[in-house]
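> coordinates only, sequence not included:
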């Protein structure tokens, strides 16, 4: 995989398209494949994330080919991807690897684009038969918030030696979209810069041929490193990604909340001014009346 890191930079051709000619990625999924409901850890073998209609509901799941009694679909909130130390690699002291954001000489854990029998081989597919028949053109996979002790970088590399096409990067803002055509099966390089528990928010959205739109958000759970507690990864709670614009909305809400207070202060000031004016008027009237009474007393006979 280290060779696959050489020459960072943009790619104009889509490496996902190149992968469609790879015989190792050819597969067909049974429309009646079972859905497993147990909790499990996947640490070796072939698995794919992908959308599926489960009991009529659009659901982002994981397709598990590691089971001895046949492939099954699994729920992501009950599944942990364990990235063993067998996938550790040392970052060379070479500018070509700077896109990883890891220090030269440091160890990173890698789920490679090309299968390593000692590491879980995680990819994605849009090959569920009902997805193929109902989705219009393709699916958008969006990476949201990433929680973990280090950074996550997911990239493709055509031929293993081309320039990397960075798909998702936890250093960038959440909301990174990846378009995936229907009936596509892809594997990429997943690089984790530190061992520990990672939760990766993924959303699968699609327009259907009948005009409807579907969306589902799940968290992919990773236990990176042999010493990382799988149970901790299974029970960890994610940090929700705030919807775009929340900061502005909050500022507007704060400003809006201040408007009633301002109105009350203005109203109170007006009342105080009116009361003071009224007091002055009353005082003047009383003074005038007192003066009139005094003058009237002087003019009375016998005074």
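Happy to help now that I have it. In this text the structure is predicted, and so the values were computed from the model without any measurement.

> Let me see the contact set for residue 119.
By CB atoms under 8 Å, 6 or more residues apart in numbering, the contact set of residue 119 is 43-44, 83-84, 86-87, 110-112. In short, each C-beta sits where N, CA and C put it, glycine included.

> Could you export these as CSV, including distance to residue 124, pLDDT and secondary structure?
CSV is the format used below for the contacts of residue 119 (distance: CB to CB, whole Å; pLDDT from 0 to 100; DSSP: H, G, I helix; E, B strand; the rest coil):
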residue, distance to residue 124, pLDDT, secondary structure
43, 18, 98, coil
44, 18, 97, coil
83, 16, 99, strand
84, 21, 98, coil
86, 22, 98, helix
87, 18, 97, helix
110, 17, 98, strand
111, 12, 98, strand
112, 15, 96, coil
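
> Tell me the one of the residues you listed nearest residue 212?
Taking CB to CB as the measure, residue 212 lies nearest residue 111 of the contacts of residue 119, at 33.7 Å.

> bridging residues for the closest one?
For residue 111, the beta-bridge partners are residue 190 (DSSP bridges).

> That one - how many residues pack around it?
For residue 111, the neighbour count with other CB atoms under 10 Å is 25.

> cool, and residue 28?
Residues near residue 28, counting by other CB under 10 Å, number 8.

> that older thread, just the buried subset of the contacts of residue 119, please.
The neighbour-count test (16 or more other CB atoms under 10 Å) marks 43-44, 83-84, 87, 110-112 as buried among the contacts of residue 119.

> can you list the residues you listed in JSON lines and add distance to residue 63?
Shown next, in JSON lines, are these (distance: CB to CB, whole Å):
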{"residue": "43", "distance to residue 63": "16"}
{"residue": "44", "distance to residue 63": "15"}
{"residue": "83", "distance to residue 63": "18"}
{"residue": "84", "distance to residue 63": "21"}
{"residue": "87", "distance to residue 63": "21"}
{"residue": "110", "distance to residue 63": "21"}
{"residue": "111", "distance to residue 63": "16"}
{"residue": "112", "distance to residue 63": "19"}
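
> which one of those residues is nearest residue 193?
Distance to residue 193 across the buried ones among the contacts of residue 119 (CB to CB) is lowest for residue 110, with 10.4 Å.

> any idea how far the closest one lies from residue 57?
Look at residue 110 and residue 57: by CB to CB, to the nearest Å, they are 34 Å apart.

> tell me the contacts of the closest residue to residue 134 other than its chain neighbours?
Excluding the flanking residues, the one nearest residue 134 by CB to CB, 6 or more residues apart in numbering is residue 208, at 5.2 Å. In this structure, residue 208 makes contact with 134-136, 214, judged by CB under 8 Å, 6+ apart.

> Tell me which stretches of the stretch 1-150 of the chain form strands.
For the stretch 1-150 of the chain, applying DSSP state E, counting those that start in this stretch gives strands covering 35-36, 40-42, 45-54, 57-64, 72-75, 79-83, 88-90, 107-111, 120-125, 135-147.

> that older thread, give me the buried entries from the contacts of residue 208.
Looks like those have 134-135, 214 buried, using 16+ other CB under 10 Å.

> can you tell me how far residue 149 sits from residue 188?
21 Å.

> try residue 219
The gap separating residue 219 from residue 188 is 18 Å, by CB to CB.
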